[in-house]
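>>> Take a look and give me a structure for this.
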Amino acid sequence: MPGTVASVAPVCFKAACPDCRSRFELSAGALRLAIGASHRTTFYSFTCPECGSSVRKPAGERIVELLTGGGVNTLRLHTTG
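Numbering: from 1, shown residues only. Predicted structure coming up:
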């Protein structure tokens, strides 16, 4: 239809809290991604909207791809030495 502006739905990611076991969806702005030199230092984190716990989970290659593609703020960790 001419003149129609398509609306783009915000990207949401499904997540779960290991503390209170709640399942929920988070917007890209609610997640943080840290990419380190190894799989041990690459993770994503968020605050549980139900219980307020800080949650940190490992992020493999596919998770990194999905989160960066979805607009999650990314911090690249650099090693010294």
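>>> who touches the spatially most central residue of the chain in this structure?
Taking CA atoms, centre = their mean, the centroid of the chain lies closest to residue 31, which sits 3.9 Å from it. For residue 31, the residues meeting the contact criterion (CB atoms under 8 Å, 6 or more residues apart in numbering) are 13, 15, 44, 45, 46, 67, 72, 73. The C-beta positions use only the backbone N, C-alpha and C, and glycine is treated the same way.
>>> Among those, which pair sits farthest apart?
15 and 73 (15.4 Å; CB to CB).
>>> Which one's more surrounded, these two?
When neighbours are counted by other CB atoms under 10 Å, residue 15 and residue 73 differ, and residue 15 comes out ahead with 18 against 13.
>>> Is the nearest residue to that one once chain neighbours are set aside in a helix, a strand, or coil?
For residue 15, the nearest residue in space outside its immediate sequence neighbours is residue 26; the separation is 5.3 Å by CB to CB, 6 or more residues apart in numbering. Each residue gets one of three states, and residue 26 gets strand by DSSP: H, G, I helix; E, B strand; the rest coil.
>>> I'd guessed residue 26 sits against residue 12; true?
Yes. Contact status for residue 26 versus residue 12: in contact at 6.6 Å, counting by CB atoms under 8 Å.
>>> more neighbours, the two?
Looking at residue 26 and residue 12 with other CB under 10 Å, you find the greater number of neighbours at residue 26, namely 17 against 13.
>>> Is the more buried one bridged to anything, and to what?
Applying DSSP bridges to residue 26 yields these beta-bridge partners: residue 13.
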